[in-house]
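> Provide a 3D model corresponding to the input given below.
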Amino acid sequence: MSKESQRIPISMYIDVAALTIFEGIGKSLVKTFELERSLRLAGLYIHPVRYACRILLYTVVSAFISATASVLLLLTTAPPLLIGAVYLSVMVLAPISTFAFGLSYPSLIASLRRLYVDSELPFFITYLATMVRGGVSTEVAISRVANLRVFRYISGEAGRIVRQIKVFGDDSITAITKVAHDSPSTKFRDFMLGYVATLRAGGDVIHYLETKAREALVNRISEIRSMVERLAIYLELYVILGVIVSLTVFTFFATSGAITAIGGPRLKGAGLDPRIPLLYNTLILPGLGFITLFLIHLSQPKTSFPHRLPYLMLLFSAPIAIPSALAVIIVGDSWSIFEGIVKMRNVPVMILSITIMLIVLSVPPWATYSFERRGTKGLIRALANFMRDLSETMKSGLSPEKCFITLSIRSYGNLTGIVRRIATAIAIGMSLDRALLGAVGRVKEWFLAVIFRFLVDSLSVGGGSPEVVDALANFTQGLSESEEELRRSLRLYMTLPYFGAVLVAVSPILIIWQLIAASPSPPEPDAIAPLTAMLSLGAIINSYVMGLIAGKIGSLTVAAGFKHSVIMTIMTAVAIIMALVMFKML
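Model (predicted):
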């Protein structure tokens with residue numbers, strides 16, 4: 001046996017230490033918080049006592065690290081009272097947060113698993129109904145689902161059923177029952193247990209599956225409406241926190257800084273600590289935005305291909321974005337800001353530098369996402385029309401291959417090129433399944449891949465009768481209507497972040513100008529330059545995060561938000577500079 005195969009992973013040493021020290025407390029923790037059930041629902045294959053001991057070890061380590069770091073910072077930096085309170089809060093909250101996160105992690109994973117399975121469940125039910133109607137057994141259909149890449153989450157549930165049958169030797173009914181009971185999704189559990197009950201009672205399985213498929217489609221439409229309502233609540237909450245609260249905080253910063261500047265030497269040392277606005281702009285405000293993004297992500301359906309390439313492009317654009325900002329500062333002769341000296345003439349340079357940095361950072365991911373999504377506009381509606389025509393054409397007695405060739409002369413919008421590629425591949429002798437999968441593989445549209453995958457399996461395995469294709473066409477039509485309603489409802493909320501970004505950008509500048517204009521002895525512009533620069537920085541960061549939220553709302557992915565972030569960052573920078581010029585502060 002080689003040395004590599006004998007090498008023990010470091011996690012094993014950590015678990016040994018945790019079990020040695022905390023085994024007794026870990027067993028009590030398992031019983032108190034029901035960790036065994038939580039881990040089973042989450043699908044985490046780890047012993048509950050081992051997991052509990054690991055949580056306790058991480059909590060002790062985090063407490064030691066946070067206490068040591070906080071004490072060293074307090075002794076070496078002698079911070080103001082407020083900053084010292086922040087250090088102490090971190091020292092106390094770090095171990096508490098570690099312990100709480102460890103306990104809630106299985107529940108969080110179980111919730112995500114439930115959301116993901118519920119999003120794909122209507123398609124899973126439709127696939128089973130399509131295959132069983134074509135003469136394929138449910139067990140074979142579930143085995144195929146376990147290997148389908150279009151199902152990223154429901155395939156895991158199907159894989160667990162297959163594992164129970166092939167590894168543990170259970171029969172299909174027992175395996176389905178066990179997996180259903182261990183699933184956090186009540187909808188999946190009810191559907192699978194209902195199938196088992198129908199099968200045991202000798203009922204009509206095909207009728208049960210088709211009825212459930214229709215119910216799933218109707219429920220999906222109602223769930224979309226409730227989901228839009230939840231998104232509206234989250235967006236309104238972010239508008240309150242990210243716009244109204246930020247506007248209030250920025251107003252406080254602006255008033256405090258302006259009064260200090262007007263007071264001059266008399267109020268020296270009584271002004272606002274510049275680290276507080278910096279902390280709010282760089283940590284608290286973006287944190288609120290990312291929490292909102294996470295809540296929106298949990299509410300939206302998980303029925304789309306992951307767009308990883310735009311995020312990878314950030315790794316290439318980031319090394320270019322930072323030097324571009326430095327270049328703007330050097331060209332603008334504002335190198336003094338790195339020495340803590342900010343004058344009013346440096347403020348536009350700082351605004352321009354951060355704006356260019358964010359633009360350079362975001363344009364490559366924006367372009368990559370646009371390239372991936374090219375040709376997908378209106379594709380779902382066109383797919384519904386095509387499936388309806390395919391169903392009617394097959395009723396005339398033509399083979400599926402002849403139907404594709406016949407329909408290739410019609411226009412289906414962006415789907416026309418795909419249909420014609422399929423027809424050309426069939427005409428030169430390629431099989432229908434290879435032609436379908438080859439034509440769809442280059443299109444980043446999950447619904448198209450799913451429906452054509454269903455069509456391939458129903459034709460190649462299920463016989464491909466006109467009734468099966470007609471049922472699939474009805475599902476596609478209902479899917480198209482639900483998706484159009486979703487997109488239409490979400491677009492209404494995309495404009496709110498734009499208004500909020502401009503409002504947060506201009507209002508603090510207006511307040512500073514009013515306070516200075518009302519003063520009998522206005523201060524020099526350079527006295528308020530640091531405050532103006534700090535508020536402008538916060539407004540631009542806020543607008544960038546709002547752009548990501550707008551993209552997530554409108555297109556169901558953060559990758560679409562880079563476009564809105566670029567637009568809103570430019571709008572905010574222009575609005576700030578125009579306000580400074582209009583109020584004669586430059």
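
> Show the average pLDDT along the top helix by length along the chain.
Identified as the longest helix of the chain according to DSSP state H is helix 81-133. For helix 81-133, mean pLDDT is 83.

> Extract the CA atoms of the helix or strand following that helix and return them as CSV.
Next helix or strand after helix 81-133 toward the C-terminus (DSSP states H and E): helix 138-146. Coordinates of each C-alpha in helix 138-146 appear next as CSV, following Å, rounded to 0.1, in the frame of the first residue of the first chain:
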residue,chain,number,x,y,z
THR,A,138,-41.6,4.1,-12.7
GLU,A,139,-38.5,2.4,-11.4
VAL,A,140,-36.7,2.7,-14.7
ALA,A,141,-37.8,6.3,-15.1
ILE,A,142,-36.4,7.1,-11.6
SER,A,143,-33.2,5.4,-12.6
ARG,A,144,-32.9,7.6,-15.6
VAL,A,145,-33.7,10.8,-13.6
ALA,A,146,-30.8,9.9,-11.3
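
> what does helix 138-146 contact?
For helix 138-146, contacts defined as CB atoms under 8 Å, 6 or more residues apart in numbering pick out 124, 127-128, 131-132, 151, 154-155, 158-159, 161-162, 165, 172, 176, 195, 205, 457, 461. Heads up, the C-betas are built off the backbone N, CA and C, glycines and all.

> Could you list the domains of this structure?
Listed domain ranges for the chain are 3-112, 114-204, 220-373+490-582 (source: automatic domain parsing).

> G397 is nearest to which of these?
Closest to G397 of the domains of the chain is domain 114-204 (CB to CB; 17.9 Å).

> any idea how far the closest one is from the chain center?
Centre-to-centre, domain 114-204 and its host chain are 27 Å apart (CA atoms, centre = their mean, to the nearest Å).

> Now do the buried residues in stretch 109-124.
Across stretch 109-124, burial judged by 16 or more other CB atoms under 10 Å covers 109-110, 112-124.

> again with stretch 576-586
Residues 576-577, 579-580, 585 are the ones in stretch 576-586 that count as buried (16+ other CB under 10 Å).

> can you pull the contacts of R491?
Contact partners of R491, counting by CB under 8 Å, 6+ apart, are G554.

> where in the stretch 401-550 of the chain is pLDDT low?
For the stretch 401-550 of the chain, the stretches flagged by pLDDT under 70 are 441-442, 461-465, 514-526.

> For the stretch 101-250 of the chain, give me the ranges with low pLDDT.
242, 250.

> Tell me where the stretch 151-300 of the chain has helices.
For the stretch 151-300 of the chain, the helices defined by DSSP state H, counting those that start in this stretch cover 154-166, 172-181, 186-200, 205-238, 246-263, 275-279, 285-299.

> Redo those as a markdown table? Include mean neighbour count and distance to F475.
Formatted as a markdown table, the helices of the stretch 151-300 of the chain follow (neighbours: other CB atoms under 10 Å; distance: least, CB to CB, whole Å):
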| stretch | mean neighbour count | distance to F475 |
| --- | --- | --- |
| helix 154-166 | 19 | 16 |
| helix 172-181 | 18 | 23 |
| helix 186-200 | 16 | 16 |
| helix 205-238 | 17 | 6 |
| helix 246-263 | 20 | 45 |
| helix 275-279 | 17 | 52 |
| helix 285-299 | 17 | 24 |
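
> Distance to I426 added to these, as TSV?
Formatted as TSV, the helices of the stretch 151-300 of the chain follow (distance: least, CB to CB, whole Å):
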stretch	distance to I426
helix 154-166	29
helix 172-181	36
helix 186-200	36
helix 205-238	29
helix 246-263	58
helix 275-279	63
helix 285-299	40
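
> With respect to M12, which of these lies nearest?
Among the helices of the stretch 151-300 of the chain, helix 154-166 comes nearest to M12, with 24.6 Å by CB to CB.

> Leaving out sequence neighbours, find the closest residue to K212.
I125 (5.1 Å; CB to CB, 6 or more residues apart in numbering).

> Same question for S107.
Nearest non-adjacent residue to S107, counting by CB to CB, 6+ apart: S38, 5.6 Å away.

> Can you give me the distance of the one you found to S543?
40 Å (CB to CB, to the nearest Å).

> And these two? Which one has more around it.
S543 (29 against 22; other CB atoms under 10 Å).

> now for the helix or strand containing the more buried one, which elements pack on it?
Using DSSP H and E, S543 falls within helix 529-555. Here helix 529-555 touches helix 205-238, helix 246-263, helix 275-279, helix 285-299, helix 346-372, helix 466-491, helix 496-517, helix 561-582, going by 3 or more CB pairs under 8 Å, 6 or more residues apart in numbering; DSSP states H and E.

> To what extent is T68 buried, counted in neighbours?
T68: 11 neighbours (other CB under 10 Å).

> Equivalent analysis for the one 3 residues further on, please.
V71 is flanked by 13 other residues according to other CB under 10 Å.

> Tell me which other helices or strands the host helix or strand of it touches.
Following DSSP H and E, the helix or strand that holds V71 is helix 48-77. If you count contacts as 3+ CB pairs under 8 Å, 6+ apart, helix 48-77 packs onto helix 10-33, helix 35-42, helix 81-133.

> Need the mean per-residue confidence for the shortest one.
When pLDDT is averaged along helix 35-42, the result is 87.

> ok, back up a step: export the helices and strands packed on helix 529-555 to a markdown table and append columns for distance to S317.
Listed next are these as a markdown table, based on distance: least, CB to CB, whole Å:
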| stretch | distance to S317 |
| --- | --- |
| helix 205-238 | 26 |
| helix 246-263 | 27 |
| helix 275-279 | 25 |
| helix 285-299 | 18 |
| helix 346-372 | 4 |
| helix 466-491 | 27 |
| helix 496-517 | 22 |
| helix 561-582 | 10 |
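
> Nearest to I320, out of those helices?
So among these, helix 346-372 is nearest, using CB to CB, at 5.6 Å.

> Check which residues of that closest one are buried.
Within helix 346-372, the residues that count as buried by 16+ other CB under 10 Å are 346-366, 368-369, 372.

> now that helix and helix 561-582, what's the angle there?
Calculated by axes from the mean of the first three to the mean of the last three CA atoms, to 10 degrees, helix 346-372 forms an angle of 160 degrees with helix 561-582.

> for helix 346-372, packing partners?
With contacts taken as 3+ CB pairs under 8 Å, 6+ apart, helix 346-372 sits against helix 309-331, helix 529-555, helix 561-582.

> As JSON lines, those with distance to T32 would be great.
Putting those into JSON lines (distance: least, CB to CB, whole Å) gives the following:
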{"stretch": "helix 309-331", "distance to T32": "39"}
{"stretch": "helix 529-555", "distance to T32": "37"}
{"stretch": "helix 561-582", "distance to T32": "42"}
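
> deepest of those, which one?
helix 529-555 (a mean of 25; mean count of other CB atoms under 10 Å).

> Just give me how far it sits from the chain centre.
On CA atoms, centre = their mean, the centre of helix 529-555 falls 19 Å from that of its chain.

> Between helix 496-517 and it, find me the angle.
On the basis of the same axes, to 10 degrees, helix 529-555 is oriented at 170 degrees to helix 496-517.
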